[in-house]
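> Pasting the sequence and the predicted coordinates here, then a few questions.
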Amino acid sequence: MIYSIRWKLLVGFILIVAVAIGTVAFVANRTATREFDRYITQDQALKYQRLSLMLSSYYEQTGSWEGVQKLIDRISKTYQNRIVLTGVEGSVVADTAGLTGSSSQDALNLKIATLGEANNPSGFLYLKDRKRSELEKIFLSSVNESITFAAIISVLAAVFLTLIYSRRTLKPINDITSAAERIERGNLDQEVKVKSRDEVGKLASAFNSMAEELKKQERLRKDMVSDVAHELRSPLTKIHGYLKAIKEGTMEANEKAIDSLYRNSKLLKRLVDDLQDLAMAEAGKLNLEKQPILLSDIISKAKESIHLRLEEGNLELNVGSNGKVLLNVDPDRIHQVLQNLLENAIIHSPEGGTIQLGTELTDDQVEISISDEGEGIPKEDLPHVFDRFYRVDRSRSRTTGGTGLGLTISKELVEAHGGKIDVRSEEGEGSTFTVTLPYKEKGRVADNLPRNWDNPNQ
Ligand code: ADP
């Protein structure tokens, strides 16, 4: 409880109210005392002025102070202070405390008036130092009571409002905490409903995006596991079937069986290699060994690596000009992309067809396009050809040894170089895959290029 924000808010607000009320109480008390004193002083000054006039006229009328004690006693009730009247010679002639006769000036410290004329006084009026009157005490204590009452009400209001306010403000945070705990327990389908646009609202929407992304990643992970299991099953089942039959003696280990075992194990190997490439690319762990390299060098090597397959299919590869572009890429990875696109073009080309490999330069990028005259890709499949394990024609793809990962890996590799890959295709008319890469320098055949890459033309 004491570590909760609610508790901290509560303590904070109570402290603020206490400091505010304390300051107000101090200032109000001081001001009230001062103002009250001033008011009393003014009031009393008037009263004593009247008193001295009354006593002076008494003396004028009677010619002595005889019997003045009675008058003093009568009027003393209106005054809170001790009033002392002395004759000119200093002896006390009247005293509200009843101590006449003795000279008690030492007990008096304020002479407030000389009675009679200044050059012929008839007596002097004194009063004892004014103490805080009962009335004043009552007034100040009622001020203090009011302040105390206000303090109690304010603290209670602060507690009440803080509890309501903190409940409203902290509810989304509590919701986020509960949702995060449910995610921790494996329930990824979480969304926090927050309408506010403040920091808490932003936190909630960031949390919702994170939960959505987690859900997506989890779905991808599950799909991936089931896709991989599915892809591995087919070649493994075949290998297992052949080996079992040979072991049980129902089949001979003849050339056909060995050939099938070899093809399926090759497919398995390729699948595992592709999966590893894909996993590394997706995790951003591809160590690209970039170096300045001419595009024409990469194209020559790709051409070299597929020339046998071109011959087998009686196919022609036309390479356009403009390959003299200096790229800053990992040559092996870009070669892998071109080889994959060319192999796909070969697989899908009709016997005796032509494959075009063209390059086109724009201001700061180069477009490498590979077109074939094959069957093309149906419109509905086109957006998915870069998805992992996606095959337009599953049965045909398997017989050609395709894993359904080639284009996915190519896309990852090209994007890792800051480029992109697109496809255009018309059913029955062929397909064109275009790789766009940023390049370093155009049209310059650098003689001092590092030629350490495996360049077949060198
Ligand atoms: P695979 O290894 O199975 O060829 P890819 O990822 O390279 O996998 O290609 C995915 C799918 O896209 C292929 O199975 C094929 O159906 C389709 N495809 C790729 N290239 C072409 C092409 N040039 N012409 C027609 N279809 C193609």
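Yep, that arrived.
> Let me see the ranges of the helices in the stretch 1-150 of the chain.
Shown for the stretch 1-150 of the chain, the helices assigned by DSSP state H, counting those that start in this stretch span residues 5-62, 68-76, 134-184.
> any idea which of those scores lowest on pLDDT?
Of all the helices of the stretch 1-150 of the chain, the minimum mean pLDDT falls on helix 68-76 (a mean of 81).
> tilt between that one and helix 5-62?
150 degrees (axes from the mean of the first three to the mean of the last three C-alpha atoms, to 10 degrees).
> where along this protein do the strands fall?
In the chain, the segments counted as strands under DSSP state E are 83-87, 92-95, 111-116, 121-127, 291-294, 316-319, 325-329, 354-361, 365-371, 420-426, 430-438, 441-442.
> so which of those comes closest to the ligand?
Of all the strands of the chain, it is strand 430-438 that lies closest to the ligand, at 4.1 Å by C-beta to the nearest ligand atom. The way it works is simple: take the backbone N, C-alpha and C, and place the C-beta from them, glycine included.
> now for that closest one, which elements pack on it?
Other helices and strands packing on strand 430-438, by 3 or more C-beta pairs under 8 Å, 6 or more residues apart in numbering; DSSP states H and E, are helix 331-348, strand 365-371, helix 406-416, strand 420-426.
> right, is it up against the ligand?
Yes. Using C-beta under 6 Å from any ligand atom, strand 430-438 reaches the ligand at residue 431.
> That strand - what's its average pLDDT?
96.
> Can you name the residues in contact with it?
For strand 430-438, contacts defined as C-beta atoms under 8 Å, 6 or more residues apart in numbering pick out 327, 329, 334, 337-338, 341, 344-345, 348, 364-374, 376-377, 410, 414, 417-425.
> let's see it at 7 Å
327, 329, 337, 341, 348, 364-374, 376-377, 414, 417-425 (C-beta atoms under 7 Å, 6 or more residues apart in numbering).
> could you flag which of those are buried?
Neighbour-count burial (16 or more other C-beta atoms under 10 Å) applied to those gives 327, 329, 337, 341, 348, 365-374, 376-377, 414, 417, 419, 421, 425.
> who's in contact with residue 286?
Counted by C-beta under 7 Å, 6+ apart, residue 286 has contacts 280, 416.
> Distance-wise, check it relative to residue 434.
Going from residue 286 to residue 434 by C-beta to C-beta, to the nearest Å gives 22 Å.
> Please apply the same query to residue 347.
For residue 347, the distance to residue 434 - C-beta to C-beta - is 19 Å.
> any idea which of the helices of the stretch 1-150 of the chain is most buried?
Highest mean neighbour count of those: helix 68-76, a mean of 16 (counted as mean count of other C-beta atoms under 10 Å).
> Run the angle between that one and strand 121-127 for me.
Angle, helix 68-76 to strand 121-127, by the same axes, to 10 degrees: 40 degrees.
> mind listing what whatever residue of the chain ends up closest to the ligand touches?
Closest residue of the chain to the ligand, C-beta to the nearest ligand atom: residue 402 (2.3 Å). Applying C-beta under 7 Å, 6+ apart, we find residue 402 in contact with residue 391.
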